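Participant: Below is the sequence, then the predicted model.
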Amino acid sequence: MSYQNISIDLTQADVDAVKTAINTINSKLPFLITIDGQERLELVKLGAKSVDFVQDASAAVDNFPAIMPPSFDVAEYGKDSSLFKSLSEIKLLLDSLSEKVTNTYMAVGSEAMVASLEVYAYVQTAAPRTPGLQSVAEKLKERFKKTKKLKATS
């Protein structure tokens, strides 16, 4: 479906329900972690083929556990690969939702900004002859002030 003007009233009750659902998700996944940039660089990355590889390797361990040496923690590997599979399903849904929220946020933000620019023009035009509007015009004008760049000293 192509993008069209979005005109929705999202009630506070719906916002609260979504926030509650997100809090529920967070409470069901208390083990989720944050990884810094250096840690990300050190991790083995998985592509689409790697996901299948992990699933196939897990199936091999499940079906032929006797080939694994005693030093290999089969139970821990089973937990890791099972969690990886479960998180893959959740991630797929969250990625889709995140993409839609991001795209809608961008589109609605654009609509709001275009309309706000129109409001700004009306306020600037009406401010000199409308009591009390000059302070609003000045506040809106702040958006367009350029910050001064510091000159490098030689």
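Facilitator: Sure thing, it's come through.
Participant: Show me what the host helix or strand of residue 120 is packed against.
Facilitator: Residue 120 is part of helix 74-126 when elements are defined by DSSP states H and E. Counting by 3 or more CB pairs under 8 Å, 6 or more residues apart in numbering; DSSP states H and E, the packing neighbours recorded for helix 74-126 are helix 48-63, helix 134-141. Heads up, the C-betas are built off the backbone N, CA and C, glycines and all.
Participant: quick one: residue 102 and residue 96, what's the gap?
Facilitator: Distance of residue 102 to residue 96, given as CB to CB, to the nearest Å: 11 Å.
Participant: now do residue 65
Facilitator: 36 Å.
Participant: next one: residue 43
Facilitator: From residue 43 to residue 96 the distance is 24 Å (CB to CB).
Participant: same thing with residue 144?
Facilitator: In terms of CB to CB, residue 144 sits 37 Å off from residue 96.
Participant: any low-confidence regions in the protein?
Facilitator: Applying pLDDT under 70 to the chain flags residues 1, 150-154.
Participant: Dead centre of it: give me the residue that sits there.
Facilitator: Nearest to the geometric centre of the chain sits residue 98, at 5.3 Å (CA atoms, centre = their mean).
Participant: which ones are touching that one?
Facilitator: Contact analysis of residue 98 by CB atoms under 8 Å, 6 or more residues apart in numbering lists nothing.
Participant: Can you give me the distance of it to residue 51?
Facilitator: 19 Å.
Participant: next one: residue 120
Facilitator: 49 Å.
Participant: ok, the two, which is more surrounded?
Facilitator: Using other CB atoms under 10 Å as the criterion, residue 120 and residue 51 rank with residue 120 on top: 16 against 13.
Participant: ok, residue 133 - how many residues close by?
Facilitator: Neighbours of residue 133 using other CB under 10 Å come to 16.
Participant: Phi, psi for residue 9 please.
Facilitator: Backbone torsions of residue 9, given as degrees, to the nearest 10, read phi -100, psi 110.
Participant: Thanks a lot, catch you later.
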